[in-house]
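# Here you go, sequence then predicted model.
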There are 2 protein chains.
Amino acid sequence: MARAGLTADRLTQAAADLADEVGFENVTVSALARHFGVKDASLYSHIRNAQDLRVRLAVLALAELADQVAEAIAGRSGKDALVAFANAYRTYAREHPGRYSATQMALDPDTAADSAAGKHAEMTRALLRGYDLWEPDQTDAVRLLHSTFHGYVSLERSGAFHSHPRGVEASWLRALDALDSLLRAWPSV
Amino acid sequence: MARAGLTADRLTQAAADLADEVGFENVTVSALARHFGVKDASLYSHIRNAQDLRVRLAVLALAELADQVAEAIAGRSGKDALVAFANAYRTYAREHPGRYSATQMALDPDTAADSAAGKHAEMTRALLRGYDLWEPDQTDAVRLLHSTFHGYVSLERSGAFHSHPRGVEASWLRALDALDSLLRAWPSV
DNA sequence: AGGCTTACCTAGAGGTCCTAGGCAAATCAT
DNA sequence: ATGATTTGCCTAGGACCTCTAGGTAAGCCT
């Protein structure tokens, strides 16, 4: 009997693909085992439990997202960087719905620290270098930007914007214009 | 044997309380049946299935949230209304975590139309009357505000802001200041 | 009081999660 | 190469959740 050659990493990768196909909440240990043609009990020597699998998936997705964003803003600054950041974020969420859902998981502080969660804030800070912002305004702006991007993507996914004809794309661009102008005028807010 | 007197509405109410106690994802038909001291099979004459129960819960929460917000902005305008809206939204999410999670469910378009989902946008429009905004800027602004509120609340709940000492409350107030100033200056953005 | 509706029941099938313990494949030692 | 060790995947099985089918009894209606 040939072995399937499972490892925690391969399981996590497959779980991520599965999440994008069937939705994050449908990522189950059983489904993953079926995908590899093994019994579900066989996975428990690689992952502690179903929650552990989801956490690993979340960490993977956070790292991927951070990479995409980092690549997007490399060599840009000011509004260029803002738009690149925002579009990379939104694109990742659209192309990888299951993975993006995973990034919304509540991680315990230790796991979050180990993950790329901190990298997001760091990159947002880098992007703010093009604007004239210093602490504590920088932190406030980081939170506002992150909230807005996440909120927009999240509502877009839930279909909250479908009720109105105005193009979601046009609104998005306008929101980026607004945020840019807000950041430039921030000190006087 | 006395009857428990179950109805779909009572089940939904109890499910909402349960959600706030143990989390939306832990709202199960079995747990709800235990709460009423009946067998789980007994609930299926009132609700179609577990998903149906969650949808009812989502619709309930959306209506409650809309009511809270409507009450908050009644008689206010401009920044007063903006702050009242935002605080009511955030307060509901903090006091009713399970219900708020339910509001994030993806509802099919028909259900969404029946629910109070449209009321949100309508109220946000009412609040914008204090600012000098007309279509399509109004829709863009509604989407930006909704996204930001939802995003902030959502990230706050996921613990994304805990990594930095700057008070979440102070950042929130600053965000509201920024949004107010953004709305006032919108036409020139 | 008898009949009808309906609220709740039991029984049971199928799925997911997870533990305990077993066997065999791969790896290592001699 | 062969025996010993490790480890990957197995079977068995318990606990819980979802949902259907069909039964019994409580409460309402005349």
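Great, that's in hand. Residues are numbered from 1 along each chain as shown, chains lettered A, B, ... in the order given.
# residue of chain A with the smallest distance to chain B?
A:Gly151 (2.5 Å; C-beta to the nearest C-beta). Glycine gets a C-beta too; all of them are placed from N, C-alpha and C.
# what about that residue, is that helix, strand or coil?
With DSSP: H, G, I helix; E, B strand; the rest coil as the basis, A:Gly151 sits in helix.
# Just to check, it is in contact with B:Leu145?
No. Look at A:Gly151 against B:Leu145 with C-beta atoms under 8 Å: they stay out of range, at 9.4 Å.
# Summarise which helices and strands the one helix or strand A:Ala19 maps to is packed against.
Per DSSP states H and E: A:Ala19 is located in helix A:8-22. If you count contacts as 3 or more C-beta pairs under 8 Å, 6 or more residues apart in numbering or on different chains; DSSP states H and E, helix A:8-22 packs onto helix A:29-36, helix A:50-73, helix A:97-103.
# what's the neighbour count on the residue of chain A closest to chain B?
24 (other C-beta atoms under 10 Å in any protein chain shown).
# what does the helix holding A:Ala19 contact?
A:26-27, A:31-32, A:35-36, A:43, A:46-47, A:53-54, A:56-57, A:60-61, A:96-99, A:101-102 (C-beta atoms under 8 Å, 6 or more residues apart in numbering or on different chains).
# So which of those residues would count as near DNA strand C as well?
A:Ala31 (C-beta under 7 Å from any atom of the strand).
# What's the ChimeraX syntax to select whichever of the contacts of helix A:8-22 are buried?
Of the contacts of helix A:8-22, the buried ones can be selected in ChimeraX as follows, counting by 16 or more other C-beta atoms under 10 Å in any protein chain shown:
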select /A:27,32,43,46,47,53,54,56,57,60,61,96,97,98,99,101,102
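# need the helices and strands packed on helix A:8-22 in TSV with mean pLDDT and distance to A:Leu179, can you?
Output for those, formatted as TSV (pLDDT from 0 to 100; distance: least, C-beta to C-beta, whole Å):
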stretch	mean pLDDT	distance to A:Leu179
helix A:29-36	96	39
helix A:50-73	94	15
helix A:97-103	95	20
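# Does DNA strand D have contacts with the helix holding A:Ala19?
No. Counting by C-beta under 7 Å from any atom of the strand, DNA strand D has no neighbours in helix A:8-22; the shortest distance is 9.3 Å.
# and if you look at stretch A:52-64?
No. Against DNA strand D, stretch A:52-64 shows no contacts by C-beta under 7 Å from any atom of the strand, the least distance being 14.5 Å.
# residue ranges with poor pLDDT in chain A?
A:1-3, A:117-118, A:121, A:165 (pLDDT under 70).
# From A:Ala8, how far off is A:Ala15?
10 Å (C-beta to C-beta, to the nearest Å).
# Same check on A:Ala113?
Distance check for A:Ala113 against A:Ala8: by C-beta to C-beta, it reads 20 Å.
# Pick out whichever of these two has more residues nearby.
Neighbours were counted for A:Ala113 and for A:Ala8 using other C-beta under 10 Å; A:Ala8 has more, 15 against 12.
# for the helix or strand in which A:Leu155 is found, which positions count as buried?
Element membership of A:Leu155 [criterion: DSSP H and E] is helix A:137-158. Residues of helix A:137-158 classed as buried by neighbour count (16+ other C-beta under 10 Å): A:137-158.
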